[in-house]
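Q: predicted model and sequence below, questions to follow.
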Amino acid sequence: MIHLKSSPQFEKAYRKFIRRYPLSQRKIDETILRMENDTESPLLHTHKLSGKLRGLSACSCGYDCRIIFSIEYDKETCKDFLLLIDIGTHDEVY
């Protein structure tokens, strides 16, 4: 299990997305929980990004919902953590 942190950008995008698509909140929360347990789960469709988002990864949390994230290293705890960066539709995040 990997520790999760969210960026201020993710928090803002999450609130905005939920306001627009309130029925998707449960699916998103389930996806985030699944990410904590296994970022490589086939259900997430995790993939590395290229171009301006090179070095980041994305996963699917529904038909047209993506979460952009990276795996970072915390020097204080000497452990990796998952940094949630952005969430939105395919066109919004890419």
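A: Yes, it's here.

Q: list the contacts of the residue nearest the centre of the chain.
A: For the chain, the residue nearest the mean C-alpha position is residue 67 (3.3 Å; C-alpha atoms, centre = their mean). The contact partners of residue 67, by C-beta atoms under 8 Å, 6 or more residues apart in numbering, come to 28, 31, 32, 35, 58, 59, 61, 84, 86, 87. Every C-beta, even on glycine, is put in place using the N, C-alpha and C of the backbone.

Q: strands - which of the residues you listed land there?
A: Using DSSP state E, the subset of the contacts of residue 67 located in strands is 58, 59, 84, 86, 87.

Q: show the buried residues in those.
A: Among the ones in strands among the contacts of residue 67, the ones that count as buried by 16 or more other C-beta atoms under 10 Å are 58, 59, 84, 86, 87.

Q: just give me the closest of those to residue 1.
A: Residue 1 has its nearest neighbour among those in residue 84, at 15.4 Å by C-beta to C-beta.

Q: surely that closest one is in contact with residue 4?
A: Yes. The pair residue 84 / residue 4 is scored as a contact, 6.6 Å apart, by C-beta atoms under 8 Å.

Q: how about residue 10: what's its closest non-neighbour residue?
A: residue 84 (4.3 Å; C-beta to C-beta, 6 or more residues apart in numbering).

Q: and which of the buried ones among the ones in strands among the contacts of residue 67 is nearest to residue 93?
A: For these, the residue nearest residue 93 by C-beta to C-beta is residue 86; the value is 5.1 Å.
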